[in-house]
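# build me a model:
(4 chains, ligands or ions: 2)
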Amino acid sequence: MSVRIESSNEGMTAFLMGEIDHHTARQIREAIDTAVEKSKPKNLYLDFSEVSFMDSSGIGLIMGRFKLMQHYSGKLTVTGASERITKIISLAGLKRLGIFNNAQ
Amino acid sequence: MSVRIESSNEGMTAFLMGEIDHHTARQIREAIDTAVEKSKPKNLYLDFSEVSFMDSSGIGLIMGRFKLMQHYSGKLTVTGASERITKIISLAGLKRLGIFNNAQ
Amino acid sequence: MKSVNGMKVTFPSRSSNESFARSVVASFVAQLDPAVDELVDIRTAVSEAVTNCIVHAYPDNIGEVTIVARIYPTGRVVIKVRDKGIGIENIEQAMEPLFTTGGEERYGLGFSVMDSFTDKLKVTSKKGKGTVVTLEKYITMRQRQAKQS
Amino acid sequence: MKSVNGMKVTFPSRSSNESFARSVVASFVAQLDPAVDELVDIRTAVSEAVTNCIVHAYPDNIGEVTIVARIYPTGRVVIKVRDKGIGIENIEQAMEPLFTTGGEERYGLGFSVMDSFTDKLKVTSKKGKGTVVTLEKYITMRQRQAKQS
Ligand SMILES: Nc1ncnc2c1ncn2[C@@H]1O[C@H](COP(=O)(O)OP(=O)(O)O)[C@@H](O)[C@H]1O
Ligand SMILES: Nc1ncnc2c1ncn2[C@@H]1O[C@H](COP(=O)(O)OP(=O)(O)O)[C@@H](O)[C@H]1O
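Ligands and ions are numbered 1, 2, ... in the order given. Below is the predicted model of the structure:
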């Protein structure tokens, strides 16, 4: 598994691990969505600190979860993104969404 | 460089590093032979402890240095060979030569 | 100018081969002793191009993906990612940021990423015949210093 | 039996490509989640076969080396290393331990290493046409346990 999901009072955290591409994003997405739909947390944290590679499939992954959380009136926060991952996220203009812990 | 050569009273030690294949063996061979021909040590130690990969080109490397040292009436000793490298050396029947520190 | 070294690799358009494609190109480019960042740039651009073959070129079947990489004397690397899939009708539109025909989980940023992580990007395509994406990257020639240290 | 995944890679017979060849096959086989030892066995056997193309098949020129790798459902991996070089006249003799035409620094153990590090070794060759070395290896299917732990 390339994602580990933990829940606490503050919300749900998905720790992403390894390489995020179109292939692995699918598994990660399904695991997160199943968990979110089950417990509908107020906050979802995506933790990128153990991600060693990410291409634009990671953007789809973030945006999809952003919309999912909006749908449940919850909040998405991205944490632990490296410089490299932040660069890809900037390309996407996602910084405007205010979901980045280290970019505000 | 994939070899570091050091001399002391006891003789000359060649610390082999990284992957030994037909490509890298050539450079290693030339470096060792140049040093041996210059200072004609009584003892030559080939240290394999930092070798991460070796194919049969390593056998040629050992045998060639064995003959070179014989020519100068010196002695060759192989040290630090991992289990994997020892396995390849065994295939070659080189153990009979009595040049292995950890095989005697 | 003649290339110094080259390689060609072919594999089926399965998503599990995305990481294989990145590794092959990275292993090949390794002989230039690139900086970590240069290597990740190349891995990322190749990942985008190969993913496009898998997702867009062959939407309903498994087809062949080919990567050709060539190294030139000055540290120039040219990588071609080729498919024989459905092709792109309007290349200019396809290359616009955020344009996608890929549905929910694609974001239309593949070409933008390729463009910003390489020194040159070229796309040629023929409807129903396939697409060739050419990526160029200059690797800083710090080879000798690195070897001596 | 149909293969689950396959790849084909071609490169010139330069000795600097020996490590590239090992990496490509290792990256491809990685999808089976092999044990470290299994992977080194494969890397070693491939290294021998590719070195033979570089040293023996094309002694005086640079020619093409092709590797085809296929994975079958039960964890069987079949790797073919092919050249269009001078060929081998007497295959039986060539495969004998310590037989070499390679001079001082070759030791005639390439085929012995390939044989002992794989589950099956086959050599076909035609004088003046080239050689195909087929290496087979079974990877223990411990995939699911590894993924779950
Ligand atoms: N190899 C290809 N074959 C066919 N169409 C392609 C190919 N590559 C890209 N496209 C088209 O170009 C669009 C934009 O691609 P891109 O910028 O990589 O973003 P994304 O992959 O997220 O859609 C795709 O949605 C697709 O319509
Ligand atoms: N691809 C090849 N093309 C031509 N001759 C080959 C090829 N592979 C092996 N041979 C012949 O078989 C001999 C034995 O090969 P091998 O056991 O690998 O040992 P080595 O490479 O040390 O000579 C070689 O010396 C060469 O004469």
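# how far away from the center of its chain is stretch A:85-92?
Chain-centre distance of stretch A:85-92: 13 Å, with CA atoms, centre = their mean, to the nearest Å.
# residues in contact with it?
With CB atoms under 8 Å, 6 or more residues apart in numbering or on different chains as the test, stretch A:85-92 has contacts from A:48, A:51, A:54-56, A:58-59, A:62-63, A:78, A:81, A:95, A:100, A:102-103, C:44, C:97, C:107, C:109, C:112-113, C:116. (C-beta placed from N, C-alpha, C; glycine too.)
# now, those that are in helices?
Counting by DSSP state H, these place A:Gly58, A:Ile59, A:Ile62, A:Met63, C:Thr44, C:Ser112, C:Val113, C:Ser116 in helices.
# in contact with the fifth one, which residues?
Remark: with contacts taken as CB under 8 Å, 6+ apart, C:Thr44 is in contact with A:Phe53, A:Asp55, A:Ile88, C:Val113, C:Phe117.
# switch to 7 Å and redo it
Each residue near C:Thr44 by CB atoms under 7 Å, 6 or more residues apart in numbering or on different chains is listed here: A:Asp55, C:Val113, C:Phe117.
# where does the closest residue to the first one other than its chain neighbours fall, secondary structure wise?
In space, and not counting its chain neighbours, A:Asp55 is closest to C:Ser47: 4.2 Å by CB to CB, 6 or more residues apart in numbering or on different chains. Take DSSP states H and E as the rule and C:Ser47 turns out to sit in helix C:36-52.
# quick one: that helix near ligand 1?
Yes - Helix C:36-52 reaches ligand 1 (CB under 6 Å from any ligand atom) through C:Glu48, C:Asn52.
# where's that helix relative to the chain centroid, distance-wise?
With CA atoms, centre = their mean, you get 6 Å for helix C:36-52.
# if you count neighbours, what's buried in that helix?
For helix C:36-52, a neighbour-count test (16 or more other CB atoms under 10 Å in any protein chain shown) marks C:38-52 as buried.
# for the contacts of C:Thr44, give me JSON lines that also has pLDDT, distance to ligand 2 and neighbour count.
Below are those laid out as JSON lines (pLDDT from 0 to 100; distance: CB to the nearest ligand atom, whole Å; neighbours: other CB atoms under 10 Å in any protein chain shown):
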{"residue": "A:Asp55", "pLDDT": "97", "distance to ligand 2": "39", "neighbour count": "28"}
{"residue": "C:Val113", "pLDDT": "96", "distance to ligand 2": "41", "neighbour count": "25"}
{"residue": "C:Phe117", "pLDDT": "97", "distance to ligand 2": "39", "neighbour count": "25"}
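# for those residues, which one is nearest C:Ser3?
Distance to C:Ser3 across these (CB to CB) is lowest for C:Phe117, with 21.7 Å.
# quick check: chain neighbours aside, which residue is closest to that closest one?
The shortest distance from C:Phe117 to any non-neighbouring residue, by CB to CB, 6+ apart, is to C:Asp41 (4.1 Å).
# contacts only, for that neighbour.
Counting by CB under 7 Å, 6+ apart, C:Asp41 makes contact with C:Phe117, C:Thr118, C:Lys137.
# again, but for A:Val36
A:Met12, A:Leu44, A:Leu68.
# what's the answer for C:Val133, then?
For C:Val133, the contacting residues are C:Ala49, C:Val81, C:Val123, by CB under 7 Å, 6+ apart.
# who's it bridged to?
C:Val133 has these beta-bridge partners by DSSP bridges: C:Val81, C:Val123.
# from C:Glu18, how far out is it?
As for C:Val133, its distance to C:Glu18 is 15 Å (criterion: CB to CB, to the nearest Å).
# what about the spatially most central residue of chain A, distance to A:Asp33?
Chain A has A:Leu46 as the residue nearest its centroid, 3.5 Å off, counting by CA atoms, centre = their mean. Noted for A:Leu46: a distance of 12 Å to A:Asp33, by CB to CB.
# and what of C:Lys122?
From C:Lys122 to A:Asp33 the distance is 37 Å (CB to CB).
# longest helix in chain A, by number of residues?
helix A:22-39.
# wait, what's in contact with A:Leu94?
A:Leu94 neighbours (CB under 7 Å, 6+ apart): A:Ile59, A:Ile62.
# and the residue nearest in space to the middle of chain C, what pLDDT?
The centre of chain C sits closest to C:Val46, judged by CA atoms, centre = their mean, with a distance of 3.2 Å. At C:Val46, the pLDDT value in this model is 98.
# quick one, what contacts the closest residue to it other than its chain neighbours?
Spatially, and ignoring its direct neighbours in sequence, C:Val46 is nearest to C:Val25 (4.9 Å; CB to CB, 6+ apart). Applying CB under 7 Å, 6+ apart to C:Val25 gives the contacts C:Ile42, C:Val46, C:Ile67, C:Ala69, C:Ile79.
# would the fourth one count as being in a helix?
So that's C:Ala69. No - going by DSSP: H, G, I helix; E, B strand; the rest coil, the assignment for C:Ala69 is strand, not a helix.
# show the pLDDT at residue 4.
Went with chain A since none was named. Looking at A:Arg4, its pLDDT is 97.
# I was after chain C.
93.
# that one against C:Tyr72, yeah?
Yes - in this structure, C:Val4 is within contact of C:Tyr72 by CB atoms under 7 Å, at 6.4 Å.
# pLDDT weak spots in chain A?
A:1, A:102-104 (pLDDT under 70).
# got a winner among the ones in helices among the contacts of stretch A:85-92 for most neighbours?
Highest neighbour count within the ones in helices among the contacts of stretch A:85-92, by other CB atoms under 10 Å in any protein chain shown: A:Gly58, with 28 neighbours.
# roughly how far apart are that one and chain C?
Between A:Gly58 and chain C the distance is 9 Å, computed by CB to the nearest CB, to the nearest Å.
# quick check: closest non-adjacent residue to that residue.
Leaving aside its sequence neighbours, A:Gly58 sits nearest to A:Ile20 (CB to CB, 6+ apart; 4.5 Å).
# circling back: which of the ones in helices among the contacts of stretch A:85-92 sits closest to C:Phe11?
Distances from C:Phe11 to the ones in helices among the contacts of stretch A:85-92, taken by CB to CB, are shortest for C:Thr44, at 18.8 Å.
# in chain A, what residue comes closest to ligand 1?
Of all residues in chain A, A:Ser56 sits closest to ligand 1, at 5.9 Å by CB to the nearest ligand atom.
# which pLDDT value goes with the residue lying closest to that residue once chain neighbours are set aside?
Take A:Ser56 and drop its neighbours on the chain: the residue closest to it by CB to CB, 6+ apart is C:Leu109, 4.3 Å away. We have a pLDDT of 94 for C:Leu109.
# tell me which parts of chain C are close to chain D?
Within chain C, the positions lying close to chain D (CB under 7 Å from any CB of the partner chain) are C:5-12, C:14, C:16, C:20, C:23-24, C:27-28, C:31.
# narrow those residues to those in helices?
Counted as lying in helices by DSSP H, out of the residues of chain C next to chain D, are C:Phe20, C:Ser23, C:Val24, C:Ser27, C:Phe28.
# neighbour-wise, which one of the residues you listed leads?
That'd be C:Phe28 among these, by other CB under 10 Å, with 26 neighbours.
# tell me who's in contact with the residue lying closest to A:Phe66 once chain neighbours are set aside.
For A:Phe66, ignoring the flanking residues on the chain, the nearest one in space by CB to CB, 6+ apart is A:Leu76 at 4.8 Å. For A:Leu76, the contacting residues are A:Leu44, A:Arg65, A:Phe66, A:Met69, A:Ile99, by CB under 7 Å, 6+ apart.
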